[in-house]
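*Asks:* for reference, the sequence and a predicted model appear below.
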Amino acid sequence: MPRILFILALLCPASAFAELEISEAQIKNLPASVPVRAGYMTIHNPSQVAVIIDAIRSDAFSSVEIHRSVMQDGMMRMDPVDKLQIAPGANLQLAPGGLHLMMMLPVEPTRPGDEIEIILQLDDGSEQAVKMKVIK
Amino acid sequence: MNKSSIVIVTLFALIGGFGLSWYINNNKPIELESGLWFGDQARALPDFELIDHNRKPVTPSQLKGQWSLLFFGFTHCPDICPIGLQTLADMVKAIDDDDVSDVLQIYFVSVDPERDSPEILAEYVTYFNPAFHGATAPLERLTPLTRSLGIAHMIRNKTDASPDYDVDHSAAIVLINPQAEYAGLFGAPQNAQAMARDLTRIIERNPL
């Protein structure tokens, strides 16, 4: 019986088991007088269920929002994005010129080489910490 | 025809051939990999006066005698503007002909003059390359210039309650020739290597 439960637990498609795989998590540094930074990363969802990131926070910034740069009427504009959904097995790229994290008001000045932790808040209530590297 | 006549005719034919090929080569339109070159269609800029990050004026007459690239944006822009400036910094590094890079100036023109003081612009642009210039002007003085270049920009979501607002803006990069005329355009997203090759082609074919 315990063995059957164990197998069932393995097969159970619960997002609580989902751990996103994050790579190339980088923050583009800017001079101290500029109060915003952009964050980029590749998010892979290795699980069998879609994962939704509801919000992102970091002790190192007063706020972190998800934005998308879009071209409209010949102008680039930034639109806020409510949440990020990553399909089972899929990759989602936050990359220059598209989806990115808008990280506002660094608590301390950021320097290339710094590692900054952010927390991904998932829609099932769980959280995942991610280390981002500040790059020149 | 004796031998010396044949030699002379051959020489003339060779010189003529080389001359013709040189003429054709130097008068054919410049084809760019990544932008538009207006050639004879370059047009004069309207009168304008910006202030640079050292609080010195930038006017059409100051742009004469050099090639200039103008990129429009604002420092509170986390994604598009750092990409554009980094591309320009990479482009300058990729130009291996000093005669080209020595006559090329890069200007980041802020379309958010309220927040982007010359001091902030100084710190911002020199972060990407110490030789870059920041410039801006009050919108009523800036807009006639941007309008004439087809560079759109618009402040959005600005309220008295919130100091945060967005500025939508064109991310194209404008080329000004040494006569201070609008001479070309590189649309976004730009490629540093292709721009370096294009500008080398343009500037080598049109020496000061």
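*Replies:* In hand now; what should we look at?
*Asks:* who's in contact with residue B:171?
*Replies:* Contacts for residue B:171 (CB atoms under 8 Å, 6 or more residues apart in numbering or on different chains) come out as A:76, B:71-73, B:80, B:84, B:188-189. C-betas here are computed from N, CA, C, even on glycine.
*Asks:* could you find the closest non-adjacent residue to it?
*Replies:* Excluding its sequence neighbours, the residue lying closest to residue B:171 (CB to CB, 6 or more residues apart in numbering or on different chains) is residue B:188, at 3.6 Å.
*Asks:* element containing residue B:121, please.
*Replies:* In this structure, residue B:121 sits in helix B:118-128 according to DSSP states H and E.
*Asks:* residue B:139 and chain A, how far apart?
*Replies:* Distance, residue B:139 to chain A, by CB to the nearest CB, to the nearest Å: 15 Å.
*Asks:* am I right that the residue nearest to residue B:171 sits in a helix?
*Replies:* No. Per DSSP: H, G, I helix; E, B strand; the rest coil, residue B:188 lies outside any helix segment and is coil.
*Asks:* hmm, it is touching residue B:80, no?
*Replies:* Yes. Between residue B:188 and residue B:80 there is a contact at 7.5 Å, judged by CB atoms under 8 Å.
*Asks:* find residues that contact each of these two.
*Replies:* Common neighbours of residue B:188 and residue B:80 (CB under 8 Å, 6+ apart) are A:76, A:97, B:171.
*Asks:* list just the nearest of those residues to residue B:105.
*Replies:* residue B:171 (19.4 Å; CB to CB).
*Asks:* more neighbours: which of residue B:188 and residue B:80?
*Replies:* Remark: of residue B:188 and residue B:80, residue B:80 carries more neighbours, 26 against 17, as counted by other CB atoms under 10 Å in any protein chain shown.
*Asks:* so for the more buried one, what's the pLDDT?
*Replies:* The score at residue B:80 is 96. That number is its pLDDT.
*Asks:* the residue lying closest to residue B:166 once chain neighbours are set aside: neighbour count?
*Replies:* Excluding the flanking residues, the one nearest residue B:166 by CB to CB, 6+ apart is residue B:156, at 4.6 Å. Applying other CB under 10 Å, we find 11 residues neighbouring residue B:156.
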